[in-house]
Structure formats: C-alpha cells, structure tokens
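Chemist: Sequence first, predicted model second:
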Amino acid sequence: MAVPAAASVRDADGYRPPAVTGLAGLLDRQVRERPYARALIVGGDRVHLSYRALDALADSMAARLGSTGLRRGDAIGLIGANTAEFVVALLGAARAGLVVAPLDPALPEPELSARLDALGAPAVLVGPPVADAPPVAAPRVPAWPVRVDASRAGTASVVLDTGAPTRQVRSAARELLPDDALVLYTAGTTGRARTVPLTNANVAASVRGICAAYALGPDDATVAVMPFFHGHGLFAALLASLAGGGCVLLPARGRFSARTFWDDMRAAGATWFTAVPTLHEILLDRAEFEYPVPQVPPLRFVRSCSAPLNPATQRALERTFGAPLLSAYGMTESTHQATSEPLPEHGPLKQGSVGRPTGVEVRVADRSGRPCPAGVQGEVWLRGPTVARGYLAEPARTARSFAGGWLRTGDLGSLDADGSLSLTGRLDNIIDRGGQKISPEHVEDVLAGCPGVAEAAVFALPDSVYGQQVGAVVAVREGDAVGPEEILRYCRDRLAAFEVPERLQLVAALPHTAKGGLDRRAVAARYVP
C-alpha cells in the first residue's frame with residue numbers, strides 16, 4: 001500500500017505554507033512584511049531579536065565569511081548549543097553560499113576531526129561554551145569563535161574571529177552539489193553515523209511540509225527543546241518557526257532545562273513545543289509540582305518525534321497539558337519530518353500512529369518491493385522532495401538504501417485504510433528466536449506500560465538452543481518499588497510466551513543519544529555478553 005504526499009492540511013481554510021526557496025532566503029518574507037516582529041528570545045536575559053535584527057546579523061556574518069577566502073560551495077563546520085550564535089552562523093554561512101555541517105559539541109576529537117576532514121572543511125565555526133558542559137574538543141582545522149552581542153535597547157552585532165584558513169584536501173567537495181545547503185549526520189543508534197547532504201530544495205520542502213502540518217504562523221511561538229545539530233530541533237523548532245513568522249525562545253545556556261521550561265514557555269507566549277518521548281516523560285513526572293504555572297498560555301498542540309511514544313504516556317500528556325499530542329515520524333535522510341498526526345480540526349487522532357504523509361509519498365513494501373495491503377507489516381519506503389539523494393562517500397550503502405527514487409528506511413510498519421502509518425520496529429533490530437521474529441520496540445512498549453517503569457531497552461541475547469533469546473534492561477521510576485518478578489508477570493499477561501524477556505535487569509537509567517533517543521549501541525555494549 002502506498003499513500004501519496006498530502007497537500008496543505010489547511011488549504012480549505014485559506015492557510016498556505018510559506019514560500020521558502022532555501023536556507024539563505026528563509027527570513028525574506030518576514031523581513032519584508034513584519035520586520036519588527038519577534039524572531040528570537042535569547043538566553044537567560046531574554047533579549048528579543050526582531051526579524052530585521054536577525055536578518056542584519058546574518059548579512060554581517062555572511063560578509064565576514066566572504067572575506068576569509070572561502071568559496072561558494074565550500075563546506076564549513078558549525079559547533080554550538082541552541083544560541084543566537086548558532087542561528088546567526090547558520091543563516092550567515094548559507095547566505096555566503098557555504099554548505100553548513102552542524103556538529104554535536106560532545107563529539108570526541110577523533111570523530112569531530114574525521115567528519116571535518118572527510119568534508120574537506122577548512123574551518124569550523126564555534127559558538128560560546130556552555131558553562132556546565134564539557135569543553136568542545138579542539139579539531140585539527142582552525143576553530144573560528146562566533147559571538148553575538150545583543151542588548152535590550154535593540155542593538156546587536158556579531159563578531160567572528162578568524163585566521164587564514166588552511167586549505168585541506170577537499171575529499172567530499174566533488175560530491176557536493178551547487179544547491180547543497182546542509183550536511184547532517186544520522187544518529188547512529190544501531191550503527192555508525194552516516195553523512196547526508198541536503199539541498200536547498202530539500203530544506204524548503206521540509207519547512208513547507210512542517211508549517212502546513214501544524215498551520216504555523218506569526219501567532220505561534222515555541223521554546224527550543226531539541227538540539228539544533230539534529231534535524232528534529234533544526235527543522236521542526238527553528239527553521240519552520242522562522243519561516244512561518246513565529247518566535248523561538250533560546251533557553252539560558254543554550255539547552256533544555258526542565259527546571260526553567262515552563263517559565264520559558266510563559267516568557268515566549270508559547271503555543272506549542274516539540275520533544276522526544278524521554279523529555280516528555282521528564283515534564284510529565286514534574287507536572288504535579290510545576291504545571292500549570294500562572295500565566296502559561298494555552299497550548300495549541302504538543303509534538304513528539306524521533307522515538308516511539310508509549311500510548312499511555314500520550315494520554316497522560318494530553319490530560320495534563322490540555323492539548324493534543326501529535327506524533328510525527330521522520331529521519332535525517334528525509335530532511336526530518338515525513339508523516340504526522342493532524343491537528344484535531346483536520347482529522348482524527350489515532351493513538352499508536354505517526355499520522356499521514358506531510359509532503360512525501362509513503363509505501364509499505366514486502367521483501368520484493370511490492371506494496372503491502374492495508375494492515376500488513378512491511379518496510380517503510382519514502383519518496384518525494386524532502387528525500388536526500390544518498391550518503392556522501394558511500395556508494396554501496398546509497399545503492400542499497402536509495403533506489404528508484406525511494407528511500408528504504410529500514411523501519412517496519414503498516415498503513416491502515418486511511419493511510420495512517422504505524423511503526424512496529426527496525427529491520428536490523430529484529431530478534432530471531434528459533435524462527436520466531438520478535439520486535440524489540442513492541443516488547444519495550446509493553447514494558448513501558450508497566451506501573452513504575454520509566455523506560456525499557458530490549459535486545460537479543462545469544463542462545464545455544466534458539467539462536468537468540470530476549471533480554472531487557474528496565475529503568476524504574478524514582479520512588480517506585482516494582483521488582484523484576486512483578487514486571488515479568490505484567491509481560492506474561494500481555495505478550496506471547498516467546499516474547500517475554502528471558503533475562504531482565506533493573507538499572508538506574510538507560511543511555512541516550514544527543515537528541516534523546518535510546519542509544520542501542522551503548523545498550524548492547526553495556527548489557528549484552
């Protein structure tokens with residue numbers, strides 16, 4: 001079964017997504033029509049930057065980069081938290097015609113340098129350090145500090161400290177295209193991270209699709225929860241908000257804090273936010289004491305993406321926050337969002353679903369590539385203007401994953417008769433117990449529904465009889481006294497006998513990736529013998 005790309009969800013109501021052509025011109029419409037409207041609220045001082053001010057800072061940054069000797073089409077690294085420096089550097093580099101590679105500040109030096117070397121990037125732009133975070137590793141290429149000075153009086157300036165760039169062998173430059181805007185890296189939760197080039201056309205299509213799905217406009221505001229060096233925070237929170245004319249609050253220290261989150265939401269007049277399930281769980285656990293707080297505006301919706309959301313958590317979030325919780329699905333290779341549940345006024349919410357396509361075509365295919373009937377599980381394939389052309393410097397992997405215009409995601413799922421997608425796991429995660437195929441994600445979902453369980457990770461254990469058995473590690477909520485036998489009894493009532501974990505271990509916490517998803521590689525290294 002295949003579902004075509006959906007049109008704007010609010011065409012009938014007169015909503016039109018913004019006419020964006022790429023990263024460099026993202027602010028153009030707002031600067032023309034609403035120059036003094038809020039674009040960013042910055043840091044602990046909550047200084048407001050208008051669209052006109054942000055536009056001027058981006059132009060200034062572009063001019064400074066243009067004077068360094070960098071050429072259009074050169075790649076440049078960008079390291080930073082969710083700060084004004086990151087936003088200005090990103091937009092300024094795009095206007096200078098550079099291909100920007102946002103990088104995780106927590107990367108160790110060998111990995112950071114390897115990524116920059118592979119791109120042939122002659123330098124990396126570096127934002128201010130976060131006070132309580134480990135220092136950013138020093139890469140082998142020049143690091144150019146970026147600083148934005150903004151005052152409540154409305155003045156703002158950008159400083160870029162550069163030296164003469166040392167040109168390196170530009171090994172990836174021959175694979176970059178004139179229209180490339182970004183290079184992003186996959187999360188690498190089950191294998192090594194891959195390098196994904198995204199064109200301005202990919203960026204524009206993604207931003208339009210996200211804006212259309214949620215009817216984002218000038219009346220909307222959000223708080224930047226997810227890091228900008230991954231697609232979730234970059235496209236959904238930052239770029240879509242700015243393209244739609246909304247406002248983004250950048251928290252103090254440039255990263256999410258549950259302690260200040262609702263004060264930040266109030267300061268922004270936020271109408272929505274997006275996060276991964278682990279952060280939703282944190283906010284839900286603290287809600288008894290922290291929400292609602294005085295003068296917090298009502299939310300239009302809350303969005304969840306980048307990992308499966310337990311239906312029980314979804315229901316609890318909706319009851320607590322008084323807003324619909326919309327699950328979305330996407331990946332780096334699809335320039336983030338591919339599907340989303342609709343706003344309630346535009347269609348029913350189906351718990352356990354990640355919604356309908358938002359600008360791409362979705363197919364669920366069998367092993368031969370034929371579309372599966374409604375309700376039948378297969379591999380999720382994506383096709384459309386947001387889908388990248390492949391991986392840099394990996395022709396064999398590109399040939400396997402990108403074929404005939406389709407991206408073979410490696411995710412398992414099914415489409416219902418209405419075209420809503422439900423995800424059931426990953427092809428490379430499947431546990432084969434004597435021929436019985438077991439989805440770790442399904443078992444994790446059941447475990448997470450057990451009272452007292454905060455999160456679970458399920459994996460294959462080697463077994464001399466069956467080949468593989470089911471193993472699990474479970475993080476228990478603080479203050480709960482649930483034990484392994486109680487959890488296993490809960491599982492036996494809800495799982496087939498072969499799906500019940502053979503070994504279950506309680507732990508204080510599970511490892512996560514930088515964007516908040518379960519880090520399966522770290523789980524395997526730590527708990528699989």
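Modeler: Looks like it came in fine.

Chemist: Look at Tyr466 and say how many residues are nearby.
Modeler: Neighbours of Tyr466 under the rule other Cβ atoms under 10 Å: 17. Glycine gets a C-beta too; all of them are placed from N, C-alpha and C.

Chemist: Excluding chain neighbours, what is closest to it?
Modeler: Gly434 (4.0 Å; Cβ to Cβ, 6 or more residues apart in numbering).

Chemist: Buried ones in stretch 146-161, by neighbour count?
Modeler: Neighbour counts over stretch 146-161 (16 or more other Cβ atoms under 10 Å) mark 146, 148, 150, 156, 158, 160 as buried.

Chemist: Show the end-to-end separation of it, please.
Modeler: 7 Å (Cα to Cα, to the nearest Å).

Chemist: ok, back up a step: and the buried residues of stretch 146-161, which two are furthest apart?
Modeler: Ala150 and Leu160 (15.4 Å; Cβ to Cβ).

Chemist: coming back round to it: quick one: the residue nearest to Tyr466 from Pro110, how far?
Modeler: Applying Cβ to Cβ, to the nearest Å, the value for Gly434 to Pro110 is 41 Å.

Chemist: so which helix or strand takes in Gly25?
Modeler: Assignment of secondary structure by DSSP states H and E places Gly25 within no helix or strand.

Chemist: returning to that earlier point: out of the buried residues of stretch 146-161, which sit inside strands?
Modeler: When DSSP state E is applied, the buried residues of stretch 146-161 are split such that 146, 148, 150, 156, 158, 160 fall in strands.

Chemist: who does the fourth one bridge with?
Modeler: On DSSP bridges, the residues paired with Ala156 through beta bridges are Ala150.

Chemist: And the pLDDT for it?
Modeler: Confidence at Ala156, expressed as pLDDT, is 94.

Chemist: got the contact list for it?
Modeler: Contacts for Ala156 (Cβ atoms under 8 Å, 6 or more residues apart in numbering) come out as 49, 53, 56-57, 148-150.

Chemist: How about the second one?
Modeler: If you count contacts by Cβ under 8 Å, 6+ apart, Val148 has them with 42, 57, 83-85, 88, 156-159.

Chemist: quick one on the thing from earlier: pick out the most distant pair among the contacts of Ala156.
Modeler: Once Cβ to Cβ is applied, these give Ala56 and Asp149 as the farthest pair, at 12.9 Å.

Chemist: Once you drop chain neighbours, what's closest to the residue lying farthest from the centre of the chain?
Modeler: Taking Cα atoms, centre = their mean, the residue of the chain most remote from its mean C-alpha position is Val465, at 40.0 Å. The shortest distance from Val465 to any non-neighbouring residue, by Cβ to Cβ, 6+ apart, is to Gly434 (7.5 Å).

Chemist: Counting neighbours, what do you get for the residue nearest to Gly359 when sequence neighbours are not counted?
Modeler: Spatial nearest neighbour of Gly359, chain neighbours left out: Gly209 (3.3 Å); criterion: Cβ to Cβ, 6+ apart. By the measure other Cβ under 10 Å, the count of residues near Gly209 is 32.

Chemist: Could you pull out the helices in the stretch 201-350 of the chain for me?
Modeler: Secondary structure of the stretch 201-350 of the chain (DSSP state H, counting those that start in this stretch): helices located at 231, 240-244, 261-268, 277-290, 311-321.

Chemist: swap that for the stretch 1-150 of the chain, please
Modeler: 28-33, 51-66, 84-95, 109-119.

Chemist: ok, Val302 - contacts?
Modeler: 272-274, 280, 317-318, 321, 323-326.

Chemist: for it, which residues make a bridge with it?
Modeler: Taking DSSP bridges as the rule, Val302 bridges to Phe273, Leu325.

Chemist: What separation do you get for it and Asp366?
Modeler: Counting by Cβ to Cβ - Val302 and Asp366 are separated by 35 Å.

Chemist: how much space between the closest residue to Asp74 other than its chain neighbours and Thr195?
Modeler: Excluding its sequence neighbours, the residue lying closest to Asp74 (Cβ to Cβ, 6+ apart) is Leu98, at 5.5 Å. Counting by Cβ to Cβ, the separation of Leu98 from Thr195 is 16 Å.

Chemist: When the two are compared, which one has more neighbours?
Modeler: Legend: neighbour count by other Cβ under 10 Å for Leu98 and Thr195, higher for Leu98 (25 against 20).

Chemist: That one and Leu65 touch, don't they?
Modeler: Yes: at 6.6 Å, Leu98 counts as touching Leu65 under the criterion of Cβ atoms under 8 Å.

Chemist: so what sits against both of these two?
Modeler: Counting by Cβ under 8 Å, 6+ apart, the contacts common to Leu98 and Leu65 are Ile76.

Chemist: The nearest residue to Ser241 once chain neighbours are set aside pairs with what?
Modeler: Excluding its sequence neighbours, the residue lying closest to Ser241 (Cβ to Cβ, 6+ apart) is Val248, at 4.9 Å. Beta bridges link Val248 to Leu40, Thr222, judged by DSSP bridges.

Chemist: how about Val248, what does it touch?
Modeler: Residues near Val248 by Cβ under 8 Å, 6+ apart: 39-41, 221-224, 237-238, 241-242, 268.
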